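Peer 1: no letters, just coordinates:
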């Protein structure tokens with residue numbers, strides 16, 4: 001059966017100001033607790049939420065009061081600090097009692113054997129979003145689906161940028177392929193590339209090193225396979241501003257969730273950096289790109305690309321997009337992966353992607369590859385850039 005690549009990408013202009021949103025009356029004055037709010041990921045999330053929806057009350061949760069007070073001074077009057085230790089159930093539930101939604105950004109999630117924050121959210125009937133990037137943790141969180149549904153709370157796990165926004169891009173790619181072609185999606189591949197650390201801080205560095213020690217799980221024609229981490233290198237064209245970059249296999253949770261939820265038989269994820277992992281921290285991150293590559297049985301070929309100059313800023317807006325979706329009632333009670341059907345995890349994917357793409361330098365969805373490749377390619381009677 002003939003096969004061809006399906007790359008999804010979409011394009012929007014660089015925005016200098018955030019696109020502010022008007023939440024429903026009940027959600028507009030909601031209180032959001034950001035655990036890990038004094039760190040790079042949590043702090044960026046709090047700033048993005050403040051920019052997108054200034055009326056939100058943001059509670060910065062962390063252990064260090066001095067850092068918390070500094071973040072509150074940056075956020076302004078609709079913010080406060082709560083001293084929270086996520087390993088102390090009493091401290092955690094006390095902090096959750098007074099908020100409408102909790103963002104768990106206190107990673108890394110690798111090698112964690114419990115879901116204390118999610119369990120506390122269920123106990124206090126508090127909506128939940130985490131930025132988990134670990135397969136084991138995400139599956140453990142998913143196991144609380146029935147308890148979350150019984151408590152009538154929506155919860156999204158892996159709600160960051162990769163995984164997170166990348167999962168939603170993949171879901172849209174698969175939906176478009178099924179709507180617009182006669183073939184079935186056969187191969188789905190995630191490609192990520194960063195240059196430096198992007199101000200993302202020690203948590204992302206720690207995560208990267210931990211992932212290098214994990215066996216890679218991928219799927220080939222419906223069968224689970226185990227591979228060596230950082231093997232299987234490919235040279236991928238990330239489009240304008242980035243060019244061709246080398247990426248390698250890593251064990252990332254979107255592989256399993258996309259395989260099971262989107263029902264694509266062959267799925268993998270690859271990641272690349274410049275400098276290489278051991279040189280991280282030596283230079284500032286300039287680009288973050290989660291492109292999605294799908295192959296269909298009928299020869300359909302499209303691409304998706306998401307590029308940003310600063311990882312920490314992009315992560316913040318991506319997480320904030322999930323938070324706003326939950327506050328708007330876009331998610332049903334239960335624990336969901338981002339790519340689950342519209343109306344269950346995220347009702348309006350287009351709106352979520354628009355919010356997440358604030359400040360992107362290149363955001364492309366459902367375009368043929370010749371429109372996004374670095375080197376123009378001759379197609380038919382013309383040259384397309």
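Peer 2: Arrived safely, thanks for sending. The model shown is predicted, which means the values in this text are computed figures rather than measured ones.

Peer 1: not counting sequence-adjacent ones, nearest residue to residue 103?
Peer 2: residue 34 (4.6 Å; CB to CB, 6 or more residues apart in numbering). Using the backbone N, CA and C atoms, a C-beta is placed for each residue, glycine as well.

Peer 1: list the contacts for the one you found?
Peer 2: By CB atoms under 8 Å, 6 or more residues apart in numbering, residue 34 lies in contact with 42, 45-46, 49, 58-61, 102-103, 105.

Peer 1: listing partners with orientation, what would you give for the host helix or strand of it?
Peer 2: Here residue 34 sits within strand 31-35, counting by DSSP states H and E. Using DSSP bridges, strand 31-35 pairs in its sheet with strand 57-62 (parallel), strand 101-104 (parallel).

Peer 1: got JSON lines for these, with distance to residue 232 too?
Peer 2: Shown next, in JSON lines, are these (distance: least, CB to CB, whole Å):
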{"stretch": "strand 57-62", "distance to residue 232": "38"}
{"stretch": "strand 101-104", "distance to residue 232": "31"}
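
Peer 1: now mean neighbour count, distance to residue 111 and mean pLDDT too, for the ones you listed, in TSV please.
Peer 2: As requested, these are exported to TSV (neighbours: other CB atoms under 10 Å; distance: least, CB to CB, whole Å; pLDDT from 0 to 100):
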stretch	mean neighbour count	distance to residue 111	mean pLDDT
strand 57-62	26	21	96
strand 101-104	28	16	98
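
Peer 1: which stretches in the stretch 101-250 of the chain count as helices?
Peer 2: Using DSSP state H, counting those that start in this stretch, the helices of the stretch 101-250 of the chain run over 116-123, 135-142, 145-150, 165-180, 202-211.

Peer 1: okay, those helices in JSON lines with mean pLDDT and distance to residue 314 next?
Peer 2: Shown next, in JSON lines, are the helices of the stretch 101-250 of the chain (pLDDT from 0 to 100; distance: least, CB to CB, whole Å):
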{"stretch": "helix 116-123", "mean pLDDT": "97", "distance to residue 314": "23"}
{"stretch": "helix 135-142", "mean pLDDT": "96", "distance to residue 314": "20"}
{"stretch": "helix 145-150", "mean pLDDT": "98", "distance to residue 314": "28"}
{"stretch": "helix 165-180", "mean pLDDT": "93", "distance to residue 314": "9"}
{"stretch": "helix 202-211", "mean pLDDT": "58", "distance to residue 314": "12"}
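
Peer 1: how is this protein partitioned into domains?
Peer 2: Listed by automatic domain parsing, the domain ranges of the chain are 4-10+163-310+361-379, 25-160+313-350.

Peer 1: wait, residue 134 touches residue 109, no?
Peer 2: Yes: with contact defined as CB atoms under 8 Å, residue 134 reaches residue 109; the gap is 4.2 Å.

Peer 1: tell me the contacts of residue 82?
Peer 2: Residue 82 touches 33, 59-61, 68, 95, counting by CB under 8 Å, 6+ apart.

Peer 1: and of those residues, the nearest to residue 319?
Peer 2: residue 33 (13.1 Å; CB to CB).

Peer 1: quick check, the closest one in contact with residue 97.
Peer 2: No: at 10.1 Å, residue 33 does not count as touching residue 97 under the criterion of CB under 8 Å.

Peer 1: neighbour-wise, which of these two wins?
Peer 2: Taking neighbours as other CB atoms under 10 Å, residue 33 and residue 97 compare with residue 33 leading, 27 against 12.

Peer 1: is the more buried one bridged to anything, and to what?
Peer 2: Residue 33 has the following beta-bridge partners by DSSP bridges: residue 59, residue 102.

Peer 1: gap between it and residue 126?
Peer 2: Distance, residue 33 to residue 126, by CB to CB, to the nearest Å: 8 Å.

Peer 1: now do the shared contacts for the two.
Peer 2: Overlap between the contact sets of residue 33 and residue 126, as judged by CB under 8 Å, 6+ apart, is given by 96, 99, 101-102.

Peer 1: after the strand holding residue 34 comes which helix or strand?
Peer 2: With elements assigned by DSSP H and E, the helix or strand that comes after strand 31-35 is helix 40-52.

Peer 1: any idea of the mean pLDDT in that next one?
Peer 2: Taken as a whole, helix 40-52 has an average pLDDT of 95.

Peer 1: so which elements touch that helix?
Peer 2: strand 31-35, strand 57-62, helix 65-75, helix 202-211, helix 311-327 (3 or more CB pairs under 8 Å, 6 or more residues apart in numbering; DSSP states H and E).

Peer 1: and residue 228, how far is that from residue 194?
Peer 2: Distance of residue 228 to residue 194, computed by CB to CB: 21 Å.

Peer 1: which one of the two is surrounded by more residues?
Peer 2: Neighbours per residue, other CB under 10 Å: of residue 228 and residue 194, the larger number sits with residue 194, 23 against 10.

Peer 1: my read is that residue 95 contacts residue 62, right?
Peer 2: No: judged on CB under 8 Å, residue 95 makes no contact with residue 62 at a distance of 10.4 Å.

Peer 1: quickly list what's touching both of these two.
Peer 2: residue 84.

Peer 1: residues contacting the closest residue to residue 98 other than its chain neighbours?
Peer 2: Ranked by CB to CB, 6+ apart and with sequence neighbours excluded, the top spatial neighbour of residue 98 is residue 31, at 6.6 Å. By CB under 8 Å, 6+ apart, residue 31 lies in contact with 56-59, 98-101.

Peer 1: sweet, I'm off.
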